[in-house]
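>>> here is a sequence with its predicted model. Questions after.
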Protein chains: 2
Amino acid sequence: MTRTSLHTPGPVNVPPQVVEAMGRPMPHHRTETFQKIVEGANAKLQRVFQTNEPVMTLATSGTGAMEASVCNLLSPGDKAVVVSSGKFGERWGQLTNAYGIETEIIEVPWGEAVDPELVAKTLDRVRPKAVYLTYSETSTGVLHPIEELARIAQERGVLSVVDAITGLIAHPLPMDDWGVDVVVCGSQKAIMLPPGLSFIALSKRAQKACAEAKSPRYYLDLRKALKKWEAADFPYTPAVTLIMGLDRSLDLILDDGLDATLTRFVRMSDRCRAGLGELGLEAYTSSPARSLTVARVPEGVNAKFVLDFVERNHHIRLAGGQDSLKGKVLRFGHMGYLKEDDVEAALAAVKDALEASRKQVTS
Amino acid sequence: MTRTSLHTPGPVNVPPQVVEAMGRPMPHHRTETFQKIVEGANAKLQRVFQTNEPVMTLATSGTGAMEASVCNLLSPGDKAVVVSSGKFGERWGQLTNAYGIETEIIEVPWGEAVDPELVAKTLDRVRPKAVYLTYSETSTGVLHPIEELARIAQERGVLSVVDAITGLIAHPLPMDDWGVDVVVCGSQKAIMLPPGLSFIALSKRAQKACAEAKSPRYYLDLRKALKKWEAADFPYTPAVTLIMGLDRSLDLILDDGLDATLTRFVRMSDRCRAGLGELGLEAYTSSPARSLTVARVPEGVNAKFVLDFVERNHHIRLAGGQDSLKGKVLRFGHMGYLKEDDVEAALAAVKDALEASRKQVTS
């Protein structure tokens, strides 16, 4: 029997109610039945994104929506500023480079939040069309001060684009109130779906930029998607079963309530950080996200041993570090079908693994 | 109870075995468990595409793979020839235009197959880098002579790219034997999955073109996908549950056997065409595809009435015409979890609808 629980920062455990919804007989996508599902899902997405503007659903993983926010806003030769503090911040830079955008990258040391003043100064100097930001950097567990960064961008007439792939739902993100221009998310995170969908919300200013941008695009062209969105439709065949699951999953989130969900993420991440501290694992950052907790692997402990031990003996899958953090950190995801007690289970499993590790070393 | 059966040219009825596979507990995509599923699915895809070359799976609908075969093969200013005989042939032209490709379009009257000699002459005159073809044009039900067209392209050193979205499995397509350079497919057709995945197979020549092409691309960049494919991996988070279903669906197809499956499509489409003839519905084309059958709506009959009547009273969903064929044709899909008896059910339902339509007119 497969019983492994995913405590990774995505993909996540999918609620059984959502699995059930995705397994229902599939309606054709050009039917009233499906259109009603889409209308419902679209309205619920707006509530979750806290915006009156369109939130479009794409049949891609999160990277597709990130790319859409580059090729739909900018033209070759335009200027952009990227704040990079991890693997996913780096991705913004790779994306703007792929489209011939003149890019200034603010390199933030991994583990640290960006200094808003540095962003303000850079925007003043470079005068870019857009600034690409990360809310919760999934590779390091660092949370960036998006409210302040969005205000700095707005004051300077710069479009703010936020990778909220592990940011949304787990942290406050009132898009319209904060004046964020583009919010990007993926399905396999706090939205509790399998991977395969991404989401992109555009402010009026971003929609205008979209109408003017000259980068080549077709499948990711949001001009077509925006028009179709008005009619609860899609330019190309949508991922029907995932959208059936989306509608159900958004119901579960909104039934709990956005505030109650935020509180749950605070409790889970607080308990995880405290519990790891009790086990001697130092937090990787002083600006921690709520969607995941990242801790340094103690001296003398092999990260792979811990991950394998926990999975084999406790059927809990955690994540290790990526790229330069490989072997150096453990990442605990709090998104998906998990509750506070599950954090205790993960902590107990890690405690067990650390004891086994010490025995190995001393024997 | 929802019991509508999809007789549309996609999306299609999904076999219950595939629904079950997609509903299983989802493994993390960076685990041995999932890697084994991917290895299996990749090998089975090669058998179905009849190629020794990589068949990559993308988290997009079919259009994403079509776009990938433009932006990965060509650079701005390159020349391409497009054979267009319907909505999806037109899409090839829209795609090459979006990427600044100098495009010559061979406009084939809707309902007709392209004349191979015209293609040969055009390739000789234009000397393009690639020719974009459609195997089975989903909007008209026309089958094009891909074996001959691929030979013509190969003899001239032109890359042949085939939209086989409703072509694969329902018709012979031995990619390597016929010397086709790129085959594109989607999940929600004869592969019997929900929408959300697309597939793209590249010959060695196409892989070389991919390494050299300069069009901007990131999510659809096949250079990265090719490298990852070797390790049964993906550049970005794959659509895990759809791939779990894919593995199961390919098992079902290969257990039946490709030849037996072809025979089933021949029988279903032959019977459908004959049965429609008995009802007085003329076939739309003399070069019919096997994956769908397209018939003209008789004089004095309202297509929408027939479609609605059949769906409401017989719980069978057929498709109407698209764009300029709207109201003029009915389309009967034969792909997905359907068998020969289901064709009889659809014919009986249409007969009933036509009788009701006549009563309406005379009353």
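Good, I have the coordinates. The shown structure was predicted, so the numbers you read here are calculated from the model rather than taken from an experiment.

>>> contact residues of the stretch 1-150 of chain A facing chain B?
Within the stretch 1-150 of chain A, the positions near chain B by C-beta under 8 Å from any C-beta of the partner chain are A:2-4, A:6, A:8, A:10-11, A:13-14, A:19, A:22-29, A:31, A:33, A:59-64, A:67, A:71, A:94-95, A:98-100. The way it works is simple: take the backbone N, C-alpha and C, and place the C-beta from them, glycine included.

>>> could I have the buried ones of the residues you listed as ChimeraX selection syntax?
The buried subset of those, as determined by 16 or more other C-beta atoms under 10 Å in any protein chain shown, is captured in ChimeraX by this line:
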select /A:4,6,8,10,11,13,14,19,22,23,26,27,28,29,59,60,61,62,63,64,67,71,94,95,98,99
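
>>> which of the residues of the stretch 1-150 of chain A next to chain B fall within helices?
A:19, A:22, A:33, A:62, A:63, A:64, A:67, A:71, A:94, A:95, A:98 (DSSP state H).

>>> do I have it right that the fifth one meets residue B:236?
If I follow you right, that is residue A:63. Yes. Assessed by C-beta atoms under 8 Å, residue A:63 is found in contact with residue B:236 at 4.4 Å.

>>> got any residues that touch both of the two?
residue B:219 (C-beta atoms under 8 Å, 6 or more residues apart in numbering or on different chains).

>>> need the phi and psi values for residue A:79.
Main-chain torsions, residue A:79, degrees, to the nearest 10: phi -100, psi 140.

>>> what residues are up against it?
A:101, A:102, A:103, A:104, A:126, A:127, A:128, A:129.

>>> contacting residues for the residue nearest the centre of chain A?
The residue lying closest to the centre of chain A (C-alpha atoms, centre = their mean) is residue A:165, at 1.4 Å. Residues in contact with residue A:165 (C-beta under 8 Å, 6+ apart) are A:10, A:62, A:88, A:136, A:138, A:184, A:185, A:186, A:189.

>>> apply 10 Å and report the result again.
Neighbour list for residue A:165: A:9-10, A:61-63, A:65-66, A:88, A:134-138, A:183-191, A:198-199, A:291, B:237 [criterion: C-beta atoms under 10 Å, 6 or more residues apart in numbering or on different chains].

>>> how about residue A:229?
Contacts of residue A:229 by C-beta under 10 Å, 6+ apart are A:38, A:42, A:54, A:55, A:56, A:57, A:202, A:222, A:235.

>>> how is chain A partitioned into domains?
Following automatic domain parsing, chain A resolves into domains at A:5-11+A:258-362, A:16-255.

>>> any chance of the ones you listed in a markdown table with mean pLDDT as columns?
Output for these, formatted as a markdown table (pLDDT from 0 to 100):
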| stretch | mean pLDDT |
| --- | --- |
| domain A:5-11+A:258-362 | 97 |
| domain A:16-255 | 98 |
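
>>> quick one, phi psi at residue A:144?
Per degrees, to the nearest 10, the backbone of residue A:144 is at phi -100, psi 150.

>>> show me what counts as buried in stretch A:170-178.
A:170, A:171, A:172, A:173, A:175, A:178.
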